[in-house]
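Peer 1: The sequence isn't on hand, but the structure is:
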């Protein structure tokens, strides 16, 4: 999927000298005072020995002492997801995000753009990603751009890869000749199942924080 999961036990690999951390000891108000703040985030996240995600964000605040522990990205988030060969399989951009670490639940807000492995684009204003249930859902208006059609409606549910989804209240389905700057892919025939091979960002290795 588009979006990123910072799962339990994951290893965070950051670029040396690019991140700044500030630590706040003896937290009095865990809901309003972050336990850690990181700026200019440029981070690779690995899980089970494989690099899985790349996160870029202006600011990352962790509230681990809050009643409902969470991570906040108040100025937006960009994320890439990789397969085991470090090929990009999905992308996500949003204006702000929050991750509830104990619930393993993401909430993405404001101009959310998601791109799945088939290079289909999903545009909406709010999305929830429940990692525990391995599902993505929203009640907001959704605009989906596929190679053969454009789908619009309100509310949707999907698997994590955004490859099997249902629009709850469709308002329109339109044929489309795809010319999409988001995916930078040439128009495809409606019966084509081939996806454009995504680009790849090389992780920087040997630098841990």
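Peer 2: Yes, it's here. The shown structure was predicted, so the numbers you read here are calculated from the model rather than taken from an experiment.

Peer 1: If you count contacts, what does the longest strand seen in the chain end up packed against?
Peer 2: Using DSSP state E, we find that the single longest strand of the chain is strand 50-63. For strand 50-63, the elements it packs on are strand 36-47, strand 70-73, strand 77-82, judged by 3 or more C-beta pairs under 8 Å, 6 or more residues apart in numbering; DSSP states H and E. All C-beta atoms are positioned from the backbone trio N, CA, C, and that covers glycine.

Peer 1: closest one to residue 113 among those?
Peer 2: Between residue 113 and the helices and strands packed on strand 50-63, the shortest gap by C-beta to C-beta is with strand 77-82, which sits at 9.7 Å.

Peer 1: pLDDT-wise, which helix or strand of this structure ranks last?
Peer 2: strand 11-14 (a mean of 46; mean pLDDT, DSSP states H and E).

Peer 1: Quick one: mean pLDDT over stretch 70-83.
Peer 2: Average pLDDT, stretch 70-83: 91.

Peer 1: Just the buried residues of that stretch, please?
Peer 2: By 16 or more other C-beta atoms under 10 Å, the buried positions in stretch 70-83 come out as 70, 71, 72, 73, 76, 77, 78, 79, 80, 81, 82.

Peer 1: quick one: terminal-to-terminal distance for it?
Peer 2: 26 Å (C-alpha to C-alpha, to the nearest Å).

Peer 1: shaky segments in the protein?
Peer 2: Within the chain, the segments meeting pLDDT under 70 span 1-28, 177-209.

Peer 1: all helices for it, in order.
Peer 2: For the chain, applying DSSP state H gives no helices.

Peer 1: in it, which spans are strands?
Peer 2: Using DSSP E, the strands of the chain run over 11-14, 20-23, 36-47, 50-63, 70-73, 77-82, 88-94, 96-100, 105-115, 121-130, 135-145, 149-159, 165-175.

Peer 1: Relative to residue 30, which of these is closest?
Peer 2: Relative to residue 30, the nearest member of those by C-beta to C-beta is strand 50-63, separated by 6.4 Å.

Peer 1: Centre of the chain to that closest one, how far?
Peer 2: 10 Å (C-alpha atoms, centre = their mean, to the nearest Å).

Peer 1: Next: stretch 110-126.
Peer 2: The answer for stretch 110-126 is 9 Å, by C-alpha atoms, centre = their mean.

Peer 1: What separates the first and last residues of that stretch, distance-wise?
Peer 2: For stretch 110-126, the first-to-last residue distance is 6 Å (C-alpha to C-alpha).

Peer 1: one step back: switch the strands of the chain over to TSV; also include distance to residue 29.
Peer 2: Supplementary listing: these in TSV, determined by distance: least, C-beta to C-beta, whole Å:
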stretch	distance to residue 29
strand 11-14	26
strand 20-23	16
strand 36-47	15
strand 50-63	10
strand 70-73	14
strand 77-82	25
strand 88-94	27
strand 96-100	18
strand 105-115	22
strand 121-130	26
strand 135-145	31
strand 149-159	36
strand 165-175	39
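
Peer 1: Please identify the buried residues of the longest strand of the chain?
Peer 2: Buried residues in strand 50-63 (16+ other C-beta under 10 Å): 51, 52, 53, 54, 55, 57, 59, 60, 61, 62, 63.
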